[in-house]
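Q: here is a sequence with its predicted model. Questions after.
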Amino acid sequence: MTTTSRTLGDWFSEFNRQAFRLETLDDYGQSGGVGAYHAFLAGEEQPDDFKTADWVNTVADATRAGKRMYRVHALSRPLTDYLRFELAWGYHRNMAAGEEFFILDTTDRENPVPKAPDFWLFDDETVAEMIYDGNGKYLRPEFLSGSRIAQFKSYRDVAMANSVPFTQWWAEHGK
């Protein structure tokens, strides 16, 4: 673990080139957007506060500045209720702000990054490993640097090499 004076929020405004995210969980339902998730499950419309969440502005600001924000989600079908929500509402909303999404579908094959945790990789220099409890509730980031960076860059590279663009995957598997 590395200490840093920057918070995770700081990194989203201060990275210079790219921020990559690997998502590995099937349910983040206790980590944010809980009201929107419940609205999705109830068949309601997207709440306005979900459509205009701060994250949308963070992504839009970064991409307007020429920075790349992208992520891979390793998942398998059938999708959990949470994944249906995240992909149908969250990914489409964030794509409109400029974030790029890729899917690493492990339904019919082994996961090529089975030991990779959830993380953000900023400018290939700093990792924020995302720590969750067993129910998908976000707890904190753990900032890593030094020799661990190569491991996380490898996770990213393998995940990207084995994923497809979200829009392509969604056209075939989305509901």
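A: Nice, thanks for sending it over.

Q: so how far is residue 50 from residue 32?
A: 10 Å (CB to CB, to the nearest Å). For glycine as for every other residue, the C-beta is placed from the backbone atoms N, C-alpha and C.

Q: pick out whichever of these two has more residues nearby.
A: residue 50 (20 against 15; other CB atoms under 10 Å).

Q: check the secondary structure at the more buried one for me.
A: helix (DSSP: H, G, I helix; E, B strand; the rest coil).

Q: quick one: low-confidence ranges for this protein?
A: The model of the chain has pLDDT under 70 over residues 1-4.

Q: now do 50
A: 1-3 (pLDDT under 50).

Q: could you pick out the longest helix of it?
A: Longest helix of the chain, by residue count under DSSP state H: helix 148-161.

Q: now do the buried residues in that helix.
A: Under the neighbour-count criterion of 16 or more other CB atoms under 10 Å, helix 148-161 has 152, 155, 156, 158, 159 buried.

Q: contacting residues around that helix?
A: 20, 22, 72, 74, 102, 104, 112-113, 116, 119, 121, 124-127, 144 (CB atoms under 8 Å, 6 or more residues apart in numbering).

Q: so which of these sit within strands?
A: Among the contacts of helix 148-161, DSSP state E puts 20, 22, 72, 74, 102, 104, 119, 121, 126, 127, 144 in strands.

Q: how close does the last one get to residue 159?
A: It refers to residue 144. 17 Å.

Q: then the fifth one?
A: Residue 102 sits 8 Å away from residue 159 when distances are taken as CB to CB.

Q: thanks again, I'm all set now.
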